[in-house]
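Trainee: pasting the structure only:
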């Protein structure tokens, strides 16, 4: 089940400015986007000693077809734990927000086993994400391990969370703007704050606002924090058609300025 | 068992410049210092669904007498898991180093139970570390939980790791320079790189070096990366007596410059 509290009425009872009908990435897409950008996490295994305790350890990670890949030593606690019981999970968490609980995080659960024989795509994915690991990848006590995803839990901050099915996880693609979103947001807020206000007045329920700043952008649209008389409120706006590069975002945003000006007269 | 690979012979067979007899923080002290500075981590619990899987979730945390304290909602997965089985661990990991596996991390294992009645010191510790949580601390579905530490695993980067006993963990204090160490290091490397070379030549085995930079500082002494003909090597030097404030560090370092100059003539 998916919950998006942004679409609910505001706490003060005023109508939400966030239109739930605007296209938005699915939780599976958001989760795949998050893990595509982060290459460390916490591996949770079942401890050999003290037996049966859930044991959290820091790991470097890469993803191969949606399954986490690790390069770990047979001497490490987590590896000994997995050799006894393959049940595991991996938590990958975003940093960034001033309020740490507002950041997104993803837990992938499944069975984690050593990749036998030629490690092929697992090795390629790991070394692409962690080039400096190539010097120990062939050490005798190190091996590639794959966490075969069974379940995924996604928490995108306050009030946005769900369990993601295997099928949805596998079908979802990381957002093509994942790596460039932060730069786009910084540029828009530094140089085009006036355009954000214009978009809100022309295309959203947030017509009575004094300021607006971009807080997120993805292939389907963008998120705005709009300052109303009652404080900041989230707003979402869609691109005319989905975009996949920063250049396409730029084109779409310029076109929306023109449309907004003609609409507002 | 404690392992400090820095004190071993170098990989190229040359004698280590790192003197293992220089006083150094214990692993318990290093681990307590690490957790004192970081207020988020991964809570590992045993999942209700899929049953028995180790489940990692992102949490905010504070420490009360060495035991992790959480303020969590009864609606959250980890809380439901703990209500069924209290066995848990918390991983707290440092950021910072370019190589993520060179960062320190601590796993605290034990049983995690809701704090009954007046939450007293648990509440005080948590709200001191997370003042903004006071607005939901009294929400009916939230409660304070304490992970009663049984075992601690410490990994201080490559080759520095051990299990820490309950007694050692409880007796250890966070290093008094924990919060100021980064500033001291930056200042010394920006303005006093010459003094680092002088210290090495006068007080260490690293007499044939061309440059040196501070990489760590604690109440007992400091760590240096000294550039030798064979590349950078770790060196450790002690303060004459343990220090506890940045001002005392400054005094000790100035005094060591004078001593070094008279020793080298």
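Mentor: Arrived safely, thanks for sending. Since we're looking at a predicted model, the values are computed, not measured.
Trainee: C-alpha only now, for contacts and for neighbours.
Mentor: Will do.
Trainee: helix/strand/coil for residue A:243?
Mentor: Per DSSP: H, G, I helix; E, B strand; the rest coil, the secondary structure class of residue A:243 is coil.
Trainee: Surely it touches residue A:220?
Mentor: Yes - with contact defined as C-alpha atoms under 8 Å, residue A:243 counts as touching residue A:220 (6.8 Å).
Trainee: Give me the local confidence score for the residue most central in space within chain A.
Mentor: The residue lying closest to the centre of chain A (C-alpha atoms, centre = their mean) is residue A:34, at 2.5 Å. Note on residue A:34: pLDDT of 96.
Trainee: dump the residue contacts of it.
Mentor: With contacts defined as C-alpha atoms under 8 Å, 6 or more residues apart in numbering or on different chains, the neighbours of residue A:34 are A:94, A:104-106, A:174, A:178.
Trainee: Going by distance to chain B, which of these wins?
Mentor: residue A:105 (7.2 Å; C-alpha to the nearest C-alpha).
Trainee: helix, strand or coil for the nearest residue to residue A:56 once chain neighbours are set aside?
Mentor: Closest residue in space to residue A:56, ignoring its immediate chain neighbours: residue A:44 at 4.5 Å, by C-alpha to C-alpha, 6 or more residues apart in numbering or on different chains. Assigned with three-state DSSP, residue A:44 falls in the strand class.
Trainee: So which bits of chain A are right by chain B?
Mentor: Residues of chain A lying close to chain B by C-alpha under 8 Å from any C-alpha of the partner chain are A:40, A:42-46, A:53-60, A:87-91, A:93, A:100-101, A:105, A:107, A:109-110.
Trainee: Now the phi/psi pair for residue A:249, please.
Mentor: Dihedral pair for residue A:249: phi -60, psi -50, per degrees, to the nearest 10.
Trainee: Contacts only, for it.
Mentor: With C-alpha under 8 Å, 6+ apart, residue A:249 has these contacts: residue A:243.
Trainee: got any ranges where chain A has weak pLDDT?
Mentor: Along chain A, the model assigns pLDDT under 70 to residues A:1-15.
Trainee: quick one: the strands in it?
Mentor: Per DSSP state E, chain A carries strands over the ranges A:3-4, A:40-46, A:54-60, A:62-64, A:67-73, A:87-93, A:105-114, A:142-155, A:160-164, A:211-218, A:221-228, A:231-238.
Trainee: can you redo those strands as a markdown table with mean neighbour count?
Mentor: Below are the strands of chain A laid out as a markdown table (neighbours: other C-alpha atoms under 10 Å in any protein chain shown):
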| stretch | mean neighbour count |
| --- | --- |
| strand A:3-4 | 14 |
| strand A:40-46 | 28 |
| strand A:54-60 | 28 |
| strand A:62-64 | 21 |
| strand A:67-73 | 23 |
| strand A:87-93 | 27 |
| strand A:105-114 | 23 |
| strand A:142-155 | 21 |
| strand A:160-164 | 18 |
| strand A:211-218 | 21 |
| strand A:221-228 | 20 |
| strand A:231-238 | 20 |
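Trainee: Adding distance to residue A:127, write those out as JSON lines.
Mentor: Output for the strands of chain A, formatted as JSON lines (distance: least, C-alpha to C-alpha, whole Å):
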{"stretch": "strand A:3-4", "distance to residue A:127": "36"}
{"stretch": "strand A:40-46", "distance to residue A:127": "14"}
{"stretch": "strand A:54-60", "distance to residue A:127": "11"}
{"stretch": "strand A:62-64", "distance to residue A:127": "8"}
{"stretch": "strand A:67-73", "distance to residue A:127": "9"}
{"stretch": "strand A:87-93", "distance to residue A:127": "19"}
{"stretch": "strand A:105-114", "distance to residue A:127": "16"}
{"stretch": "strand A:142-155", "distance to residue A:127": "11"}
{"stretch": "strand A:160-164", "distance to residue A:127": "27"}
{"stretch": "strand A:211-218", "distance to residue A:127": "28"}
{"stretch": "strand A:221-228", "distance to residue A:127": "33"}
{"stretch": "strand A:231-238", "distance to residue A:127": "37"}
